[in-house]
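K.L.:
Need the 3D shape of this:
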Amino acid sequence: MTSSDKLDQEENRFYKADGFPKGLSRKVVESISHIKNEPSWLTEFRLKAFSVYEEKPMPNWGFIPQFRINIDDYVHYVGTNQKKKKSWDEVDPEILRSFEKLGIPEHERKYLAGIETMNDSETIYANVKKELTDLGIIFCDIDTAIKEYPELVREYLGTVVTIGDNKFSALNSCVFSGGSFAYIPKGVKTPMPLQAYFKVTAASSGQYERTLLIADEDSHLEYSEGCTSVQDKGTNFHTAVVELVAKKNAKIFYTTIQNWKKNMYNWTVKRGICHEAAHITWTDCNIGANTIKYPGIILQGDHSTGDVLSLAFAGGGQIQDTGARIIHVGKNTRSNILAKGVALDGGVNSYRGLVKFEPSSKGSYSHIKCDGLMMDSRSQSHAYPYNDVSGEEGTLNYEATVSKIDEDQLFYLQSRGLGEDDAKLLIINGFCEGVTKHLDVEYSVEMTKLIRMILEDGHVISENVPTGKISAS
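P.N.:
Numbering: from 1, shown residues only. Now for the predicted structure:
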């Protein structure tokens, strides 16, 4: 056998980047690792995850039973056949036009530290300002981090969200591609938000980014991401894993706006761990898709704190099953959950939350506020709180409301000169304000525009309604 024949035989062992079939197999997992030229320890990590994935049954709750999801119906790696770009001008014009609709170039010019852009399974654009590197901040896609900072990745990957946590953490662990990596050195603060955008374009495909953010002692990390999909044919499946590590006295603020098409199935596992006196805030906005997502925080260290701010819109044919999970372990820990859900056009919105106090969490406190707003008689709003106070000195305060839009409020606003649609927009923006006020100014404006589009799509208001009297806040 000639050396050329041996090379061809070796290549035939793996799929090509743009030639993956539907379904998940050992060859799919090995091919992803081969294409990325990964170290052996990561290939072993993937293969171990694949074994766990095969062993665990499909969940029989959430939106899974209703839509009869079959993971083998999807292609789990879609190569872009492009190298990463360092200049925005180098990006393919077609992809560039799609991101211009999201306003990324404007954000980039104004203040962003850098943008990681992922199209399907690969990062296609990466740019980090010199200001970050001068501070010792590492911000790149996860594939670059594996090659350039392997010891850091190996130390933390899979420590907050383990392979065996659930079937979908195992799924992500065996086929993940793309995603963000950041390390903030001791005592350093990000001078501006780190930013990532994830986009799905291929039909019947899965996207599995992996994000790992580490804030060393006394550091401050601010990170924002946007997600979108453009494919109307068939369905897509999205399972991301996000791991946050906040060391002693560190602070992490993580913001997500997911604006998927309705044909996306979205099961995302997000969790952070807080060491002594550390803090994590998740701000989580969910639009489009059928979603199962509960950002979590483990308050491991004494005096650590955590907030989860959740906003979800469920329209026609949608189930939004979102909420939070917080585990109090250290003494004198504090947590706050604010969950806002809007259901319209027959959509189903659910809050599902877990707050647990371990016996070691003396002097700890949690406050939970869960509000559901239904825009019509066909929509549904549910709350499934699970609160476990094992410690003798833990304190938990839980409150919830479910309501329809207030007719008295509508009447009052209309009596002051607003039209009915403007009045509805104002009320709903006010309902969401507890979450949206924590967004950056430009994100807040974007969110206000998205809320209007959602209400138009759900026939709550008419299209092309003048909204000059409505504040973007």
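
K.L.:
wait, what's in contact with the closest residue to residue 362 other than its chain neighbours?
P.N.:
In space, and not counting its chain neighbours, residue 362 is closest to residue 393: 4.5 Å by C-beta to C-beta, 6 or more residues apart in numbering. No exception for glycine: its C-beta is placed from N, CA and C like everyone else's. By C-beta atoms under 8 Å, 6 or more residues apart in numbering, the contact set of residue 393 is 361-364.

K.L.:
Flag the helix or strand of the protein with the lowest per-element mean pLDDT.
P.N.:
Every helix and strand of the chain was ranked by mean pLDDT, DSSP states H and E. The lowest is helix 104-110, at a mean of 44.

K.L.:
re the thing from before, need the contacts of residue 393 in CSV (columns: pLDDT and distance to residue 344).
P.N.:
Converted to CSV, these look like this (pLDDT from 0 to 100; distance: C-beta to C-beta, whole Å):
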residue, pLDDT, distance to residue 344
361, 94, 39
362, 93, 44
363, 94, 42
364, 95, 37
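
K.L.:
Does the residue nearest to residue 362 belong to a helix, a strand or coil?
P.N.:
The three-state assignment at residue 393 reads coil, by DSSP: H, G, I helix; E, B strand; the rest coil.

K.L.:
try residue 47
P.N.:
Under three-state DSSP, residue 47 comes out as helix.

K.L.:
Can you give me the buried ones in stretch 160-172?
P.N.:
For stretch 160-172, a neighbour-count test (16 or more other C-beta atoms under 10 Å) marks 160-161, 163-172 as buried.

K.L.:
can you list contacts of that stretch?
P.N.:
The contact list for stretch 160-172, computed with C-beta under 8 Å, 6+ apart, reads 24, 45, 48-50, 52-53, 56-59, 71, 173, 208, 210, 239-245, 267, 269-273, 298.

K.L.:
Do me a favour and get the end-to-end distance for that stretch?
P.N.:
Using C-alpha to C-alpha, to the nearest Å, the end-to-end distance of stretch 160-172 comes to 14 Å.

K.L.:
Just give me how far that stretch sits from the chain centre.
P.N.:
Remark: stretch 160-172 is offset 15 Å from the chain centroid, using C-alpha atoms, centre = their mean, to the nearest Å.

K.L.:
Okay, and residue 228 sits in which element?
P.N.:
For residue 228, the host element (DSSP states H and E) is strand 220-229.

K.L.:
Remind me what that strand packs against, helices and strands.
P.N.:
If you count contacts as 3 or more C-beta pairs under 8 Å, 6 or more residues apart in numbering; DSSP states H and E, strand 220-229 packs onto strand 180-184, strand 194-200, strand 210-215, strand 236-238, strand 251-259.

K.L.:
Check what pLDDT the closest residue to residue 288 other than its chain neighbours gets.
P.N.:
Excluding the flanking residues, the one nearest residue 288 by C-beta to C-beta, 6+ apart is residue 260, at 3.8 Å. We note a pLDDT of 82 for residue 260 in this prediction.

K.L.:
ditto for residue 410
P.N.:
88.

K.L.:
in the stretch 1-150 of the chain, which spans are strands?
P.N.:
Secondary structure of the stretch 1-150 of the chain by DSSP state E, counting those that start in this stretch: the strands cover 114-119, 122-128, 138-141.

K.L.:
that older thread, which ones among the contacts of residue 393 lie within strands?
P.N.:
Judged by DSSP state E, the contacts of residue 393 include no members of strands.

K.L.:
Let me have the residues you listed in TSV, adding neighbour count as columns.
P.N.:
Putting these into TSV (neighbours: other C-beta atoms under 10 Å) gives the following:
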residue	neighbour count
361	25
362	17
363	16
364	26
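
K.L.:
show me the residues around the residue nearest to residue 360 when sequence neighbours are not counted that make contact.
P.N.:
Counting by C-beta to C-beta, 6+ apart, residue 329 is the residue found nearest to residue 360 once chain neighbours are left out, at 5.9 Å. Residue 329 makes contacts with 298-300, 358, 360-361, as judged by C-beta under 8 Å, 6+ apart.

K.L.:
Narrow these to those in helices?
P.N.:
Of the contacts of residue 329, none are assigned to helices by DSSP state H.

K.L.:
now the residues you listed: which count as buried?
P.N.:
298-300, 358, 361.

K.L.:
Can you add distance to residue 307 and give these back as TSV?
P.N.:
Below are the buried ones among the contacts of residue 329 laid out as TSV (distance: C-beta to C-beta, whole Å):
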residue	distance to residue 307
298	14
299	11
300	16
358	19
361	17
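
K.L.:
can you put the contacts of residue 393 in TSV and add distance to residue 30?
P.N.:
Below are these laid out as TSV (distance: C-beta to C-beta, whole Å):
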residue	distance to residue 30
361	43
362	49
363	50
364	45
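
K.L.:
now, among the residues you listed, which is nearest to residue 253?
P.N.:
Nearest to residue 253 among the contacts of residue 393 is residue 364, at 21.6 Å by C-beta to C-beta.

K.L.:
quick one, what contacts the closest one?
P.N.:
Going by C-beta under 8 Å, 6+ apart, residue 364 touches 299, 328, 330-335, 357, 391, 393-395.

K.L.:
Could you pick out the buried ones from those residues?
P.N.:
By neighbour count, with 16+ other C-beta under 10 Å, the contacts of residue 364 hold 299, 328, 330-335, 357, 391, 394 as buried.

K.L.:
So which of those is the closest to residue 215?
P.N.:
residue 299 (15.1 Å).

K.L.:
so that closest one touches residue 325, yeah?
P.N.:
No - with contact defined as C-beta atoms under 8 Å, residue 299 does not reach residue 325; the gap is 11.4 Å.

K.L.:
What separation do you get for residue 377 and residue 345?
P.N.:
According to C-beta to C-beta, to the nearest Å, residue 377 stands 11 Å off from residue 345.

K.L.:
Compare these two and say which is more crowded by neighbours.
P.N.:
A count of neighbours by other C-beta atoms under 10 Å puts residue 345 above the other of residue 377 and residue 345, at 19 against 7.

K.L.:
And what about the more buried one, helix, strand or coil?
P.N.:
Classified using three-state DSSP, residue 345 is coil.

K.L.:
so what's it up against?
P.N.:
Per C-beta under 8 Å, 6+ apart, neighbours of residue 345: 315-316, 375-376, 378-379, 457-460.

K.L.:
Over to residue 213?
P.N.:
Residue 213 touches 180-182, 221, 223, 242-245, 252, 254, counting by C-beta under 8 Å, 6+ apart.
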